[in-house]
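> any chance you could fold what I've pasted below:
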Amino acid sequence: MQQNNNSDEAIIRHILEGNTEGFALLVERHANSLQHFVSRIIAVPEESEEVVMDAFLAAYQHLEDYDAERAPFVVWLRRIAFNTATHHLRVRQPQFVPIADNWAEGSHTSDADLDCLLSNGSTDMVGLLDDALERLSPEERTLIHLFYTDERPLREISFILDCSVTALTSRLHRIRKKLYVLIKRLSNENQ
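Next comes the predicted model:
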């Protein structure tokens, strides 16, 4: 199979052969989507831009480790960006609501109740959902955005977040229950 000379993999091959200027093309090609991805994890624009630059630098430094058979370059780059962003946030030590604190309240909630609440498209519900999403950890929020907003396949998400598909399925279920509890609490606070 002949590979396109303009593909990410071809550009990477040229970079590894010594044509380092080609990395600028990869940055130009993927900067906007990576910025969008990171801005969902880190809301402060200056900080998210810094994380994107750090992620590109880390990708460049570890380019020889990239394996096109494991994942497309953009997915590998998102994995680096995710790790860079979560490390950045850990240094700042934010406070998020742990799942365990909410589990008892939401543990007996049926999937039908969850679907009904989370699919309610009213303006009030959208606002409550946005507030609840902000209270999730960056890892939880990223998983929700990748799966529900970006509609990425679980296999791709498992590579980015470095965990099994089975673990992701379980996390998604727990996060949905956590969102249910958070939305109920926020709704009661607003009454």
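
> and stretch 136-156, average pLDDT?
Stretch 136-156 shows a mean pLDDT of 91.

> any buried residues in it, and which?
Within stretch 136-156, the residues scored as buried using 16 or more other C-beta atoms under 10 Å are 136-147, 152, 154, 156. Glycine gets a C-beta too; all of them are placed from N, C-alpha and C.

> and of the residues you listed, the nearest to residue 9?
Closest approach between the buried residues of stretch 136-156 and residue 9, by C-beta to C-beta: residue 156, at 16.9 Å.

> which residues are in contact with the closest one?
Shown in contact with residue 156 (C-beta atoms under 8 Å, 6 or more residues apart in numbering): 71, 75, 146.

> name the SS class of the first one, please.
Going back to what we said before, that points to residue 71. With DSSP: H, G, I helix; E, B strand; the rest coil as the basis, residue 71 sits in coil.

> give me the neighbour count for it.
Residues lying near residue 71 (other C-beta atoms under 10 Å) number 18.

> report the contact partners of it.
Per C-beta under 8 Å, 6+ apart, neighbours of residue 71: 79, 156, 159.

> could you dump these to a markdown table with secondary structure and distance to residue 183?
Shown next, in a markdown table, are these (DSSP: H, G, I helix; E, B strand; the rest coil; distance: C-beta to C-beta, whole Å):
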| residue | secondary structure | distance to residue 183 |
| --- | --- | --- |
| 79 | helix | 30 |
| 156 | helix | 28 |
| 159 | helix | 30 |
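
> which one of those is nearest to residue 179?
Looking across the contacts of residue 71 and measuring by C-beta to C-beta, the closest to residue 179 is residue 156, at 22.1 Å.

> before I go, just wanted to say thanks for your time.
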